[in-house]
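> Got a predicted structure here, sequence first:
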Amino acid sequence: MNSVNRWAWVEIDLTAIKTNVAVLVKQAGRAELWATVKANGYGHGAVEVARTALSAGARGLCVALADEAHQLRQAKIVAPILIVSEQPEVAFEQMLRDEVVATVYNEATINSYAAVAARLGVVGTVHLKVDTGMHRVGVPVASAMARVEQIIAAKSLQLDGVYTHFAAADLPSHDETAKQQRRFDDFVAELDRKKLRPKYVHTSNSAALLRSLNAVTDIARVGIAIYGIAPSNETETVARGLRPAMSLHARVSHVQRLEAGEGVSYGLRTRLEKSANIATLPLGYADGVPRRLWSVGGEVLIGGKRCPIVGVVTMDQLMVNCGEIDVKIGDQAVLLGAQGDEVISANEIATRLDTIGYEIVCGVSARVPRVYFENKA
Ligand SMILES: Cc1ncc(COP(=O)(O)O)c(C=O)c1O
């Protein structure tokens with residue numbers, strides 16, 4: 001299993017992804033599940049996750065970038081791929097050749113995408129993104145009907161969907177989700193009145209699906225949940241049935257016995273209160289372990305026990321205070337995942353760092369080898 005050229009690696013449990021997707025497909029009911037595999041599958045590997053998710057019942061994929069869609073097409077993945085925001089014009093030809101589902105919302109983008117499609121003699125499939133309150137991208141509700149009519153008038157485009165994205169679905173007590181849903185429902189009702197409703201009308205991300213807010217969606221665009229991570233601490237309960245797919249491992253590369261009062265790592269910012277066995281692990285902030293994790297109580301599992309990171313995380317290495325554990329070079333350490341009965345979750349690390357689990361898994365850098373497995377006993 002661990003035939004990689006360094007003593008730090010990520011394990012991806014594809015069986016966990018398969019099981020999560022199956023659970024979420026069921027939860028989605030009549031809606032299709034489109035697996036969100038942007039950012040290299042939230043750090044898990046876009047192609048591997050896409051194949052696994054599709055084999056478990058996902059009907060399409062979502063990415064952020066034209067090149068992410070292209071990578072999937074090059075891997076011979078033929079499922080629909082929605083790119084969830086507008087791309088620069090330079091990417092349009094590739095997107096059309098890859099037969100992606102393009103997201104559009106600006107008048108000028110619709111015109112130029114239509115022009116490139118016409119020049120290539122193809123029909124570009126598009127979904128119109130409507131901004132119902134998130135205020136990141138999308139056409140404001142007030143102008144959405146004009147964009148629909150513009151797309152329909154362009155003979156080289158096909159309006160296949162309209163959608164919106166929730167700003168706070170991961171915060172169940174926030175009232176904005178219901179407001180966004182109402183604004184979107186009103187727009188869809190107008191589409192219905194004008195007989196312009198496209199094939200897909202969609203809203204839900206992981207949090208919305210897990211909270212059963214998916215009654216009126218035709219596609220659940222699910223990301224974080226397929227990786228087995230709750231969208232937020234507030235949605236932990238509804239995400240209980242999911243299994244994390246990513247774990248981060250290292251082997252101890254060096255051991256020292258240091259005395260009370262000795263400092264560790266750059267700046268010697270911390271002094272040992274007692275003598276201890278200090279293990280060095282050969283991974284650091286260039287691998288995605290935040291430099292300041294030591295200062296917010298960051299821990300590592302060694303010998304089935306939680307051991308604190310001691311001193312700043314350096315670019316390629318970090319040190320762990322193992323106390324009196326008889327730690328040896330080559331011993332296994334877990335930075336994310338389970339060892340024995342102990343578990344360090346992405347959301348635990350995220351909470352320490354005042355961020356979200358998404359950032360932790362996306363942050364594990366490309367230089368950490370990914371090891372894939374299924375059906376681990
Ligand atoms: C438009 C859109 N849909 C769906 C998703 C998936 O979200 P989640 O990972 O919370 O399920 C994202 C992720 O950011 C997104 O931007």
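Cool, got the structure.
> any idea which element I12 lies in?
strand 8-13 (DSSP states H and E).
> Need the three-state assignment for the spatially closest residue to E149 that is not a sequence neighbour.
Nearest non-adjacent residue to E149, counting by CB to CB, 6 or more residues apart in numbering: L196, 7.9 Å away. (Glycine included, C-beta is placed from N, CA and C.) At L196 the chain is in coil, as set by DSSP: H, G, I helix; E, B strand; the rest coil.
> what does A50 give?
A50 - assigned by three-state DSSP - is helix.
> who touches it in this structure?
Contacts for A50 (CB atoms under 8 Å, 6 or more residues apart in numbering) come out as 35, 37, 41, 61, 72, 75, 77, 79.
> what about 6 Å?
A50 is in contact with 37, 61, 72, 77, counting by CB atoms under 6 Å, 6 or more residues apart in numbering.
> What's the per-residue pLDDT of the last one here?
Same thing as I77. Here the pLDDT value assigned to I77 is 98.
> do the same with M1
49.
> try L213
92.
> What's the local residue count around it?
20 (other CB atoms under 10 Å).
> hang on, the earlier thing: the residue nearest to E149 and D218: what is the separation?
Distance from L196 to D218, counting by CB to CB, to the nearest Å: 15 Å.
> These two: which is more packed in?
D218 (19 against 16).
> in which helix or strand would I find A207?
Going by DSSP H and E, A207 is in helix 206-210.
> what's the offset of that helix from the middle of its chain?
From the chain centre to the centre of helix 206-210 is a distance of 14 Å (CA atoms, centre = their mean, to the nearest Å).
> any idea how far L128 lies from D160?
9 Å.
> got it, and Y113?
Distance from Y113 to D160, by CB to CB: 13 Å.
> The residue in the stretch 251-377 of the chain that the ligand sits nearest to - how many residues pack around it?
At 6.5 Å from the ligand, Y358 is the closest residue in the stretch 251-377 of the chain, using CB to the nearest ligand atom. If you count neighbours by other CB under 10 Å, Y358 ends up with 22.
> That one: helix or strand, and which one exactly?
helix 357-362.
> Can I get whichever helix or strand comes after that helix as PDB, trimmed to CA atoms?
Remark: after helix 357-362, the chain's next helix or strand is strand 370-373, criterion DSSP H and E. Extracted in PDB, the C-alpha atoms of strand 370-373 (Å, rounded to 0.1, in the frame of the first residue of the first chain):
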ATOM      1  CA  ARG A 370      -2.100  10.200  -2.900                       C
ATOM      2  CA  VAL A 371      -2.600   6.500  -2.200                       C
ATOM      3  CA  TYR A 372      -6.000   5.100  -3.200                       C
ATOM      4  CA  PHE A 373      -7.600   2.000  -1.700                       C
END
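> List the buried residues of strand 370-373.
370, 372 (16 or more other CB atoms under 10 Å).
> Point out the other helices and strands that it packs with.
For strand 370-373, the packing partners by 3 or more CB pairs under 6 Å, 6 or more residues apart in numbering; DSSP states H and E come out as strand 8-13.
> Strand partners (parallel or antiparallel) of the strand it packs on?
strand 246-251 (antiparallel), strand 370-373 (parallel) (DSSP bridges).
> Is it possible to get these out as JSON lines so that each row also shows mean pLDDT and distance to the ligand?
Shown next, in JSON lines, are the strands paired with strand 8-13 (pLDDT from 0 to 100; distance: least, CB to the nearest ligand atom, whole Å):
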{"stretch": "strand 246-251", "mean pLDDT": "98", "distance to the ligand": "14"}
{"stretch": "strand 370-373", "mean pLDDT": "97", "distance to the ligand": "19"}
